[in-house]
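J.: sequence below, structure please.
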Amino acid sequence: VFGGLDATFTPSNVVQIYDIAGGTWTTGAPMPGARYFASGAYDASNGKIYVIAGFDSTFTETSTTWEYDPVANTWDTSRANTPIPLGGSGYSIVGQNIYLAGTWNGGSGSTVHYRYDIVADSWTQMADVPVAIYRPDAAGIGTNEYLVGGGNPDLRPSASKQARKLASTRAPATSYTSTYIYDTLSDTWSSGPNTNVAHSFTGGTAIGTKLIVVGGFDGVTGDTNTVELADAGGAGGTCSDYTFALTTATFVPGVDNVGIDCDDCGVDVPLPFSVQLYDQTFTTAHVGSNGHCTFGLSNDGFGITCSPLGIGGTTYALGPYWGDQTVFAADGHGVFTTTTGSTPNRIFYIEWRSRYFGSPDELNYEIALYESGTPAFQYIYNVITPAAAANDSELVVGVKKDDVNFNQYGCDPTGGQAPPVSSGQALTATCVGGGTPTPTPTPTCTPGAAQWSEVAPYPFAARGPFVVSDGTFYYTGGGYDGTNVHGDLFKYDPVANTYTPLASAPDQFFLSQAVYYAANNKIYSIAGFGLGGQTTTTRIYDIAGNSWTTGTAIPEPNGLSDAGTGLDSGKIYIGCGFNGSGASNTLHIYDIATDSWTTGANAPTAVYLPGAGAISGKFYVVSGNNGSTEVPDVQIYDIATDTWSAGAPIPTPVTGPGSAVFNGKLYIFGGAAPFPTTTTITQIYDPATDSWSTGPNMVVARLWFYGGALDPSSILAPGGDNSPGIPINDDEILAGGGCGGTPTPTPTVTPTPTCPPGGAPGVAGPWTSGNPYPSTVVRYGFAQTATHFYVFGGVD
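T.: The predicted model follows:
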């Protein structure tokens, strides 16, 4: 073991030798200089070990090639230097050649790739690695070089000198799941199967044809103890996961009735060809009335949840529209199948003609299974009618191997009032890993390709809680649960995915977005609704002291709510809003230093519930409602000149969206379009080009909520109303985009157990809330089976 960093973070030149037979450690001759993240390889033909490049005691990449003789315990420093300084390269040996791939490159990563010929003592530049890479696992098998995981480091130019010195030892901005294979004979790269979790700052080796990667940084939760193995000589062909692409496809009606005429039932259906899902192959599927097709352990009951996907305990399942439904023949419903094409390109369709449980709203969708495996499968939607009322189960769309390994495309906690798919759409699934590898690595944080995903539920169903970030944590406050207005304040940790309660505010409020002022480490939440109407309160929370005070009230006689909010140079801009009688166009300006209010020029258009934010000396008020309809206006206030101008109209006007300034752009997500129909769309305004682009859809449609950015890594969007009058505790995070150094969670990895474990044998776990009973009754009759709880009668 050569060098490394000691307990004081000092680069070392120590050589440590482990005697496998004796189980003891000794030291060898020190290296000629201190090194960490050097490359090393053992040449069995000459018995020598080569320690190449790495970082020295000044935290700088080097170009040395040192040869160590373990028998003589001596060093030879006369070998040819690397063409450029390197550190953190992937390294492996094939024959008489040592290959080094990637490097730190001052924080930018690199695609460089060099070959060292031990016999000739010479270096040659080879074909570049497909992506900039740093600290991957690497090994040689046969005539191939393998790179597994690694990452793309990132260091902003503004980083301090000390930060730049130590940054090479920190987790990269992007951690890869990719495997790249270099053919030493043809000087070409190809892709191998993706790993199940990302591994950067990792290690591993090859044993025979088996490639092993051990631990590292997973890009989500931190260091991981996950060990993965792939057999380079194996047949491959399995999928570790699936991704979904929103597309369109021809709907092919089923012909053969599978014979289910029921509620909460299913039947086994023989398949015309074998179907692979994840790592298993199947010849029979269990088709259920509730919109699932299960190849492993099935459950046809209701009580469907978004996480764990479907029903806990089920395995190897497709969920094109998994929610409580009926397929009674008497009203023209059922499940039908048909096969098209010829071997080896047949397609097997499973079509549902159904209704939501207890509802007349029609549904018609199908699964397409492909004999060729390309694509893996499709969900095709002919008729998707939003439910008129909430269902007794949640609605989820996705695929699962088990309760830990699943991919949720979308979730509707109401069970159908805001479905994640619509008529005429299709979802095309692509295998991740195994037989259909992707040529580009799948980083945990992909620049420019962020995705919304669900995190820990908000502590209560909440309309309009504020959300801000101090750069490490998110802070959320207030909210309306449908009955009571709250003054609660919580701290959300995006790494641990947990909420912690803090001191409550002096009053109760909602629909009052806040700002975080870094200069004094305080949060400001101004006005908003109370239980009796609009308020004028200026609430100030001191993060360090966990305490609240109040400032000068906003000068609005009847209070203000639903306004746009932004912070610039120590002043808070409160634009437009609802003043008790209608939409307002007033611009209020709060000076934090003097605790005083002034006004700016009135906005051209009076609106409430807009998206808003301040960017580079300008305050943006986007869309919103003028009292009768959504407006497309982008109203831009120039702080220096006290004037308003117009920007490019928003493509889809919305009422009550979430919004956040993220990576220099204004993100507008969700809202009602038009009111009261909620949406999941994300619209992104670039002030540099005065143009709009489309971002990823949210998981759950909503309005009356806010967003906060932990720039440049994520946006948090808690609560809101799934449809007007139905506050929810659903909580989502948009992770990725700018890809800073702060890892962000993939929230659905750890499912919430249906029955939380107790603290000791025989002790029940804590109580959790299930779906509300449809009516308020007492003194009812009840009974249970192994899978269901029945309630009948009662007094209301």
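
J.: so Cys239: helix, strand or coil?
T.: coil (DSSP: H, G, I helix; E, B strand; the rest coil).

J.: pLDDT score assigned to it?
T.: Note on Cys239: pLDDT of 79.

J.: how many neighbouring residues does it have?
T.: Residues lying near Cys239 (other Cβ atoms under 10 Å) number 23. The way it works is simple: take the backbone N, C-alpha and C, and place the C-beta from them, glycine included.

J.: pretty sure it sits against Asp279.
T.: Yes. Counting by Cβ atoms under 8 Å, Cys239 touches Asp279, with 7.4 Å between them.

J.: got a list of what Tyr180 touches?
T.: 129-131, 146-147, 189-192, 441 (Cβ atoms under 8 Å, 6 or more residues apart in numbering).

J.: give me the sheet partners of the strand or helix carrying it and which way each runs.
T.: Under the criterion DSSP states H and E, the helix or strand holding Tyr180 is strand 179-183. Sheet pairing of strand 179-183 (DSSP bridges) gives strand 144-148 (antiparallel), strand 188-192 (antiparallel).

J.: on that earlier part again, list buried residues within the contacts of Tyr180.
T.: 129-131, 146-147, 189, 191-192, 441 (16 or more other Cβ atoms under 10 Å).

J.: which of those residues sit farthest apart?
T.: Val131 and Tyr146 (14.7 Å; Cβ to Cβ).

J.: how much space between Val485 and Val399?
T.: 40 Å (Cβ to Cβ, to the nearest Å).

J.: no, scratch that, I was asking about Tyr370
T.: Taking Cβ to Cβ as the measure, Tyr370 falls 14 Å from Val399.

J.: one more: Val252?
T.: 20 Å.

J.: these two - which one has more neighbours?
T.: Val399 (29 against 16).

J.: bridged to the more buried one, which residues?
T.: Leu318, Asn407.

J.: shouldn't it be in contact with Thr315?
T.: No. Between Val399 and Thr315 there is no contact under Cβ under 8 Å: 11.4 Å.

J.: where does the prediction get shaky in the stretch 451-600 of the chain?
T.: Filtered on pLDDT under 70, the stretch 451-600 of the chain yields no residues whatsoever.

J.: longest strand in this protein, please.
T.: Identified as the longest strand of the chain according to DSSP state E is strand 266-277.

J.: in which helix or strand does Gly3 reside?
T.: If you go by DSSP H and E, Gly3 is part of strand 2-5.

J.: partner strands of that strand and their direction?
T.: Strand 2-5 pairs in its sheet with strand 11-19 (antiparallel), by DSSP bridges.

J.: ok, residues contacting the next helix or strand after the partner strand?
T.: Of the helices and strands lying after strand 11-19 in sequence (DSSP H and E), the nearest is strand 24-28. Strand 24-28 is contacted by residues 14-19, 68, 70, 73 when judged by Cβ under 8 Å, 6+ apart.

J.: next: stretch 328-340.
T.: Defining contact as Cβ under 8 Å, 6+ apart, one finds that stretch 328-340 is touched by 252-263, 267, 269, 272, 287, 289, 326-327, 346-355.

J.: please flag which of those residues sit within strands.
T.: Among these, the members falling in strands (DSSP E) are 256-257, 262-263, 267, 269, 272, 287, 326-327, 347-355.

J.: hang on, the earlier thing: a markdown table for the strands paired with strand 179-183, including distance to Thr594 and mean pLDDT?
T.: Formatted as a markdown table, those follow (distance: least, Cβ to Cβ, whole Å; pLDDT from 0 to 100):
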| stretch | distance to Thr594 | mean pLDDT |
| --- | --- | --- |
| strand 144-148 | 58 | 90 |
| strand 188-192 | 60 | 88 |
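
J.: mind checking the ones you listed for the one nearest to Pro649?
T.: Among those, strand 188-192 comes nearest to Pro649, with 42.2 Å by Cβ to Cβ.

J.: surely Lys571 meets Asp591?
T.: Yes. Between Lys571 and Asp591 there is a contact under Cβ under 8 Å: 5.5 Å.

J.: show me how the chain divides into domains.
T.: Domain ranges of the chain: 2-234, 242-432, 451-749, per automatic domain parsing.

J.: could you give the mean pLDDT of the second one?
T.: What it means is domain 242-432. 92.

J.: and that domain, end to end?
T.: The straight-line separation of the ends of domain 242-432 (Cα to Cα, to the nearest Å) is 5 Å.

J.: gap between that domain and the chain center?
T.: Centroid separation between domain 242-432 and its chain, computed with Cα atoms, centre = their mean, to the nearest Å, is 24 Å.

J.: use 8 as the first number from now on
T.: Sure, I'll start numbering at 8, so the last one becomes domain 249-439.

J.: tally of neighbours for the residue nearest to Asp500 when sequence neighbours are not counted?
T.: Distances taken as Cβ to Cβ, 6 or more residues apart in numbering place Phe480 nearest to Asp500, at 5.8 Å, with adjacent residues excluded. A count of nearby residues for Phe480, using other Cβ under 10 Å, gives 17.

J.: equivalent analysis for the one 10 residues further on, please.
T.: Thr490 has 8 neighbouring residues, counting by other Cβ under 10 Å.

J.: same check, this time on the one 3 residues further on
T.: By the other Cβ under 10 Å criterion, the neighbourhood of His493 contains 20 residues.

J.: then Pro143?
T.: Neighbours of Pro143 (other Cβ under 10 Å): 31.

J.: so it sits against Glu152, correct?
T.: No. Counting by Cβ under 8 Å, Pro143 sits too far from Glu152 to count as a contact (10.9 Å).

J.: give me the common contacts of those two.
T.: Common neighbours of Pro143 and Glu152 (Cβ under 8 Å, 6+ apart) are Ala108.

J.: look at Val668 and report its pLDDT.
T.: Looking at Val668, the pLDDT reads 95.

J.: chain neighbours aside, what residue packs nearest to it?
T.: Nearest non-adjacent residue to Val668, counting by Cβ to Cβ, 6+ apart: Gly620, 4.0 Å away.

J.: pretty sure that neighbour is touching Gly573, no?
T.: Yes. Assessed by Cβ under 8 Å, Gly620 is found in contact with Gly573 at 5.2 Å.

J.: which residues do the two both contact?
T.: What both Gly620 and Gly573 touch, as defined by Cβ under 8 Å, 6+ apart, is the set 626-627, 668.

J.: most neighbours among those, which one?
T.: Among these, the one with the most neighbours (other Cβ under 10 Å) is Phe626, at 28 neighbours.

J.: could you look up the SS state of that residue?
T.: Phe626 is classified as strand under three-state DSSP.

J.: ok, which stretches of the stretch 8-157 of the chain are helices?
T.: Taking DSSP state H, counting those that start in this stretch to define them, one finds no helices in the stretch 8-157 of the chain.

J.: low-scoring stretches of it, by residue?
T.: For the stretch 8-157 of the chain (pLDDT under 70), the answer is none.

J.: that one: strands as residue ranges?
T.: 9-12, 18-26, 31-35, 46-50, 55-62, 68-76, 81-83, 97-101, 104-108, 120-124, 129-132, 144-148, 151-155 (DSSP state E, counting those that start in this stretch).
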